[in-house]
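**Student:** 3D, please:
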Amino acid sequence: MKNFTTYILFLFFGLIISISSCNYDYYVEPHYEITDTVSFANDILPIFNNSCNTSGCHNTGGIAPDLTPLNAYNNLFLYNLVDTANPELSVLYERMNSSSKPMPSSGKLPPLQIATVLAWIDQGGNNN
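**Tutor:** This is a model prediction of the structure:
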């Protein structure tokens with residue numbers, strides 16, 4: 001009987017530890033209220049130039065989509081990465097905000113840059 005009680009306690013504590021160690025693929029970022037108009041050319045392209053369209057990534061001849069200045073805007077929509085009706089469900093935003101598979105693959109961008117991209121999508125994803 002003593003072994004059975006020990007087994008039950010061990011099983012119970014193991015279950016508690018297992019449940020408490022679960023993690024989820026979401027990230028609660030600091031809230032940034034972007035009230036200014038976000039410009040694709042002045043605000044979004046610099047993010048892509050610094051973090052995305054580097055050699056071996058989303059550059060010409062690299063991994064699709066090509067996010068170089070000449071091709072980025074068209075490719076975002078060609079590959080259905082931007083959903084202006086549901087900005088937070090845009091593949092672009094989801095990948096930038098992912099905890100398990102972030103883009104860029106070297107690690108998540110700063111929250112302000114992610115919020116800027118979300119604001120641009122929310123403002124209609126204009127080529128401005």
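
**Student:** tell me the pLDDT at Ser55?
**Tutor:** We have a pLDDT of 81 for Ser55.

**Student:** that one: neighbour count?
**Tutor:** Neighbour count of Ser55, defined by other Cβ atoms under 10 Å: 7. To be clear about C-beta, it is placed using only N, CA and C from the backbone, and glycine gets the same treatment.

**Student:** which one is it nearest to, not counting chain neighbours?
**Tutor:** Gly62 (7.3 Å; Cβ to Cβ, 6 or more residues apart in numbering).

**Student:** show me the contacts for the one you found.
**Tutor:** The contact partners of Gly62, taken as Cβ atoms under 8 Å, 6 or more residues apart in numbering, are 53, 55-56.

**Student:** with respect to Val117, which of those is nearest?
**Tutor:** Asn53 (14.4 Å; Cβ to Cβ).

**Student:** residue contacts, that closest one?
**Tutor:** 59, 62, 66-69, 72 are the contacts of Asn53 under Cβ under 8 Å, 6+ apart.

**Student:** pull the most distant pair out of these.
**Tutor:** Greatest spacing in the contacts of Asn53, by Cβ to Cβ: Gly62 and Pro69 (14.3 Å).

**Student:** surely Glu88 is in contact with Ala115?
**Tutor:** No. The criterion here is Cβ atoms under 8 Å, and Glu88 misses it with Ala115 at 11.3 Å.

**Student:** the two - which one has more neighbours?
**Tutor:** A direct count of neighbours by other Cβ under 10 Å for Glu88 and Ala115 places Ala115 higher, at 21 against 11.

**Student:** what is the helix or strand where that one lies packed up against?
**Tutor:** Using DSSP states H and E, Ala115 falls within helix 111-122. Packing partners of helix 111-122 (3 or more Cβ pairs under 8 Å, 6 or more residues apart in numbering; DSSP states H and E): helix 45-51, helix 91-97.
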